[in-house]
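Enquirer: I'd like to go over a predicted model; first the sequence, then the structure.
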Amino acid sequence: MMNYNSLTSDWIRKAIISFKNDNNFILLDQLYKTKSYAEILGVERREISHSNFLAWILDYQGDHQLGDYPLKKFLDILVVASNDALTNQHQDLFDLLVTENYELTAYTVGREIVLGNKSRPDLVIEVAIRKDGQDKNIKIVIENKVGAKENNDQTLKYHEHFQNEYQGATDTSVLYVFLCAMPGIKFRTAVANNQQFCKCEHFIPINYQLLVTDLYERLEIIASSERVKVIINEYLMALSQPALGTNIENRGKIPIMALGTNERKLLNDFWEKNKELILASLYALTENEDTSEETRKTVEKAIESISNSSRNRDRYNLYYNEELFRSGFRKADIGLNVVLLLDEKGLIDTDVFNFLENDMSASFKLLKTPEEFTENEIQYNKYKTDSDPELIYDNIGYYVARNWNVDNAIKFRKKIEAKFPAIKILVEG
């Protein structure tokens, strides 16, 4: 870990010059110094602005000249994002949407319309489709949350209103959507663990990052109109540029709503090259007398967390009977690769499984089922819950602990080599 108290002025000057000469910095500096049109108008975090953009882009007869592609891709997103219960409920409709074996005949949108029970959804989009001469209507009720939480059981009220209005109707399906700005990995983890995003369980959760990756970036590529390309690019800038609470509109809202693919790569590369200077700058912030106590504690926690995760970059090679099984993996995957080796070699019997399941080298169990995860383990990604189980034993799926520090990895390594003399875990180089 860097000793921040021993930083010299000479090191800081050289680091800043290197920072300014970094090609990624130049590109990012140009990007973030150029305000999006939405930021100039001060509406980059207003929910109604984002609702209006979504309504415009989904209109298959709109002046964006993208036709029905955006609407059909959006409907695909809803199909994929639906849980098993909603998929079963709308099975026939979803099959029709996926095959696209229909004709769009109408599109209308209502913004913040007042319902009979005084509730007011952000968007109610009505789509009419025709197949084999039969007409069917789809209502898409969208609650859009940029930073605020649900108020007064809004989603329950929306569901109650439309269920009463269309109860028994065979020609209309209602899809409920909860759109939020939760970051990508956190959102995917929450979905994988069946987290409920709003009060009503009938809502399909999606986030802005999903819209960027699966819809908006694709539209920017295929748009034939240069003007439309500019509009979409401006909107993507509005989502990615930090809103730091410098005005009342942005206070308490999520600083970054979503990142484009290229920006994400630039920022990751930029971090890897300049993290020591960035961490030193954060440390200076904690030493600034004008920094609030709340900010100081938050930054100190971030520095400690980042420093601990970056402290060791060793890579490991795993051998069985002196034959290389896996090479070049980091300590985060030490438990996983040992489990995979034992499984592949047919070495996991009852005794070995009990040994693995009860191992606490990482300060929490090496193997767990999703039902055993704690909220802390989900929040801090102690297990890779957004993928399939990594070990199937006795017809039950288990996940392997992924959060290791150096001392725990060494402890685990010694324990495994003592239990299985044919296994060797060596540090590369």
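Expert: Received it, and whenever you're ready, just let me know what you need.

Enquirer: only C-alpha atoms for contact and neighbour calcs from this point on.
Expert: Noted.

Enquirer: Report the helix or strand with the lowest average pLDDT across the protein.
Expert: When each helix and strand of the chain is scored by mean pLDDT, DSSP states H and E, helix 37-41 comes last, with a mean of 63.

Enquirer: tell me the strands in the protein, going along the chain?
Expert: Assigned by DSSP state E, the chain shows strands spanning 103-111, 123-131, 134-145, 172-180, 203-207, 315-320, 323-330, 367-368, 391-393, 396-400, 423-427.

Enquirer: Let me have these in TSV, extended by mean pLDDT, distance to Tyr69 and mean neighbour count.
Expert: Output for these, formatted as TSV (pLDDT from 0 to 100; distance: least, CA to CA, whole Å; neighbours: other CA atoms under 10 Å):
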stretch	mean pLDDT	distance to Tyr69	mean neighbour count
strand 103-111	90	11	16
strand 123-131	92	14	18
strand 134-145	92	17	19
strand 172-180	94	19	20
strand 203-207	94	19	23
strand 315-320	92	45	19
strand 323-330	92	42	15
strand 367-368	94	42	22
strand 391-393	95	40	15
strand 396-400	95	38	19
strand 423-427	92	51	18
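
Enquirer: how about the ones you listed in JSON lines, adding distance to Asn164?
Expert: Putting the strands of the chain into JSON lines (distance: least, CA to CA, whole Å) gives the following:
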{"stretch": "strand 103-111", "distance to Asn164": "19"}
{"stretch": "strand 123-131", "distance to Asn164": "16"}
{"stretch": "strand 134-145", "distance to Asn164": "14"}
{"stretch": "strand 172-180", "distance to Asn164": "12"}
{"stretch": "strand 203-207", "distance to Asn164": "16"}
{"stretch": "strand 315-320", "distance to Asn164": "60"}
{"stretch": "strand 323-330", "distance to Asn164": "55"}
{"stretch": "strand 367-368", "distance to Asn164": "43"}
{"stretch": "strand 391-393", "distance to Asn164": "45"}
{"stretch": "strand 396-400", "distance to Asn164": "41"}
{"stretch": "strand 423-427", "distance to Asn164": "63"}
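
Enquirer: To what extent is Gln91 buried, counted in neighbours?
Expert: By other CA atoms under 10 Å, the residues close to Gln91 number 14.

Enquirer: same question but for Leu71, I mixed them up
Expert: Using other CA under 10 Å, Leu71 has 21 neighbouring residues.

Enquirer: please begin residue numbering at 26 from this point
Expert: Done: numbering now begins at 26, and the last item shifts to Leu96.

Enquirer: how deep is the closest residue to it other than its chain neighbours tucked in, by neighbour count?
Expert: Spatially, and ignoring its direct neighbours in sequence, Leu96 is nearest to Leu83 (4.7 Å; CA to CA, 6 or more residues apart in numbering). Look at Leu83: counted by other CA under 10 Å, it has 24 neighbours.
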